[in-house]
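# Predicted model follows, preceded by the sequence.
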Amino acid sequence: MARVHPLELWLVGYLLDHPEARLAEATAASREQRQEVYGWLFKTRHRSARDVRIRTMLEVEAFVGLHQRWQRLGYPFDHLVPSLATAIGSSGDRPAALAELVGIILNDGVRLPTLRIDTLHFAVDTPYETHWLPADNQRYRVMAPEVAAVLRETLSQVVEGGTARRLQGSFTLENGDPLAMGGKTGTGNNRIETLSRSGQVLQSKARNRTATYVFSWATTISAP
């Protein structure tokens, strides 16, 4: 009813009564409670339902860990939906987040804040004059520099000889030299599928096709 694991509630009560208790003491004191909470595991009559529930719990816990790691790299949503689309990295992201990820790669694994406004200056030459600037402590490392270097090389290979090779030479510097670029393409079909009772695909029809390309220049500028 509380949407909280019963052992968590028990542990809170136990620590209120025994604030100095260690893990070993709490484990020993919770023996009966742990057996009661997981008693359903020993009811073999409903083995199939039990196994499904265990797999569901493991899947949810796995995606909680994935979400924490994705958030460090700029994933903009509050939770992940456990699904195949999420597992392969094609679930509900935004262009701004993709651009931020490329910025992390270009900045040797350091995540910088996304700024829409550089400064705000109000009430000039009055007693209420206020000048707002971005905070300087909002940059932090989210991946090793070596990992970022490998990713930059991989992105450049996509343009040099991969699925984005048509971009070669599209942009040039003022002196006429080609601008070094990298990027990652992504495509997919939006389909309507008809399934049988057993889950077999009887018919699959593509309605439309989506495509995304996130790219970077040789400088610290990135854009979706």
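Yes, it's here. All values derive from a computational prediction rather than experimental measurement.
# tell me the strands in the protein, going along the chain?
For the chain, applying DSSP state E gives strands covering 110-111, 120-122, 130-132, 140-141, 181-195, 201-217, 222-223.
# what's the closest residue to Phe171 other than its chain neighbours in contact with, if anything?
The shortest distance from Phe171 to any non-neighbouring residue, by C-beta to C-beta, 6 or more residues apart in numbering, is to Leu179 (4.2 Å). C-betas here are computed from N, CA, C, even on glycine. Neighbouring residues of Leu179 by C-beta atoms under 8 Å, 6 or more residues apart in numbering: 171-173, 217-218.
# Closest to Glu36 out of those residues?
For the contacts of Leu179, the closest approach to Glu36 (C-beta to C-beta) belongs to Trp217, at 60.9 Å.
# the helices in the protein, which residues?
6-17, 23-29, 31-37, 47-72, 84-87, 95-106, 145-161 (DSSP state H).
# Next one: the nearest residue to Leu195 once chain neighbours are set aside from Glu193, what distance?
Distances taken as C-beta to C-beta, 6+ apart place Val201 nearest to Leu195, at 6.0 Å, with adjacent residues excluded. When C-beta to C-beta, to the nearest Å is the yardstick, Val201 and Glu193 sit 5 Å from each other.
# for Leu7, same thing?
41 Å.
# Mind listing residues that contact stretch 36-56?
5-7.
# ranking those by neighbours, who comes first?
Among the contacts of stretch 36-56, Leu7 has the most neighbours (other C-beta atoms under 10 Å), with 16 neighbours.
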